[in-house]
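Engineer: Have a look at this fold, sequence not included:
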Ligand SMILES: [Fe+2]
Ligand SMILES: [Fe+2]
């Protein structure tokens, strides 16, 4: 059995009064208004403490692999990346980890240009395919889509679906070339016969399966879903939507979806949880571990909605 821990949306966020004004001459000003006036900072005020508890819990749980689906920071400030790096330092060089950025990690063009995410967490951008193993038409976008071959059991694909956006737009896009590359990689000989899992930052839909808003969701979700449906993908992992949910496979969408929600959001209806997925001969069992603010530790949450064996029409890869 392969056990994969998945956490998302830690959002290590700078205290607004400590942010220098010169850092706010961009879309970050809107982020600052959200943090200070609309109280977003208070929602993530415990992210450092929760991040440390998460690292301790991962050391105790000892998963075989760890997936981070982004939004490690609040508004892509260098100081936020430094804090997030410090919190996650025990697993920074850990070869078990695969990580992709969230939209808050490329919040402004300068953060993308200066590669702030890559400088802090680039070691997590891991793929097990060399350039030579990628179909020739897609070598220019290597290392994406990332492909990790986990034991003999699992092929984990990860996408980069974030880009800096304008004011009042937090949407994502995978892009036609990356979707075509994914379509090709799903058939790669090294992925054949394995349980296929796909990780991305944005959700394919909301908890009720309705599409996310145009300015908040994945712009090319329909194209991506079309490719996922054509291949034997068992499970899609994502973050971005801070409320946790798990969706079973259906006839129309023959793959499960597991979003642990933000691991650190203090919003009362958010869970502050992460998932541990056990994959065994095509079967997937989902464990939930939830942060307890009194003990400052993560604890098992067996009665969580969606916990246990993922059933329904789950497909094994071929
Ligand atoms: Fe987020
Ligand atoms: Fe996000």
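Structural biologist: Sure, I can see it. All figures in this text were calculated on a predicted structure; none of them were measured in a lab. Ligands and ions are numbered 1, 2, ... in the order given.

Engineer: Check the chain and tell me which residue is nearest its centre.
Structural biologist: residue 69 (1.4 Å; Cα atoms, centre = their mean).

Engineer: wait, that residue sits on residue 200?
Structural biologist: Yes: using Cβ atoms under 8 Å, residue 69 is in contact with residue 200, at 6.9 Å. (C-beta placed from N, C-alpha, C; glycine too.)

Engineer: list the buried ones in stretch 254-268?
Structural biologist: For stretch 254-268, a neighbour-count test (16 or more other Cβ atoms under 10 Å) marks 254, 255, 256, 257, 258, 259, 260, 261, 262, 263, 264, 265 as buried.

Engineer: Same list, those, but only the ones touching ligand 2.
Structural biologist: Filtering the buried residues of stretch 254-268 for proximity to ligand 2 by Cβ under 5 Å from the ion leaves nothing.

Engineer: Report the secondary structure state of the nearest residue to residue 272 once chain neighbours are set aside.
Structural biologist: Leaving aside its sequence neighbours, residue 272 sits nearest to residue 291 (Cβ to Cβ, 6 or more residues apart in numbering; 4.0 Å). Following DSSP: H, G, I helix; E, B strand; the rest coil, we place residue 291 in the strand state.

Engineer: ditto for residue 86
Structural biologist: helix.

Engineer: and the next element down the chain from the lowest-mean-pLDDT helix or strand in the chain?
Structural biologist: Lowest mean confidence among the helices and strands of the chain (mean pLDDT, DSSP states H and E): helix 28-36, at a mean of 81. Once helix 28-36 ends, the next helix or strand along the chain (criterion: DSSP states H and E) is helix 40-43.

Engineer: Contacts for the following helix or strand past that following helix, please.
Structural biologist: Next helix or strand after helix 40-43 toward the C-terminus (DSSP H and E): helix 47-61. Applying Cβ atoms under 8 Å, 6 or more residues apart in numbering, the contact partners of helix 47-61 are 3, 5, 7, 10-13, 66, 83-84, 87-88, 90-91, 263-264, 272, 274, 276, 289, 291, 296-298.

Engineer: what about helix 47-61 and ligand 1, any contact?
Structural biologist: No: figure legend: helix 47-61 not in contact with ligand 1 (Cβ under 5 Å from the ion); closest approach 10.9 Å.

Engineer: Please enumerate the strands of this structure.
Structural biologist: 2-7, 65-68, 97-99, 146-150, 154-158, 195-199, 233-237, 245-247, 256-259, 273-280, 283-292, 297-300, 308-309 (DSSP state E).

Engineer: among those strands, which is nearest ligand 1?
Structural biologist: With Cβ to the ion, the closest approach to ligand 1 among the strands of the chain belongs to strand 256-259: 11.0 Å.

Engineer: Packing partners of that closest one?
Structural biologist: Contact analysis of strand 256-259 by 3 or more Cβ pairs under 8 Å, 6 or more residues apart in numbering; DSSP states H and E lists strand 233-237, strand 245-247 as its packing neighbours.

Engineer: Adding mean pLDDT, mean neighbour count and distance to ligand 2, write these out as TSV.
Structural biologist: Formatted as TSV, the helices and strands packed on strand 256-259 follow (pLDDT from 0 to 100; neighbours: other Cβ atoms under 10 Å; distance: least, Cβ to the ion, whole Å):
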stretch	mean pLDDT	mean neighbour count	distance to ligand 2
strand 233-237	96	24	14
strand 245-247	98	20	15
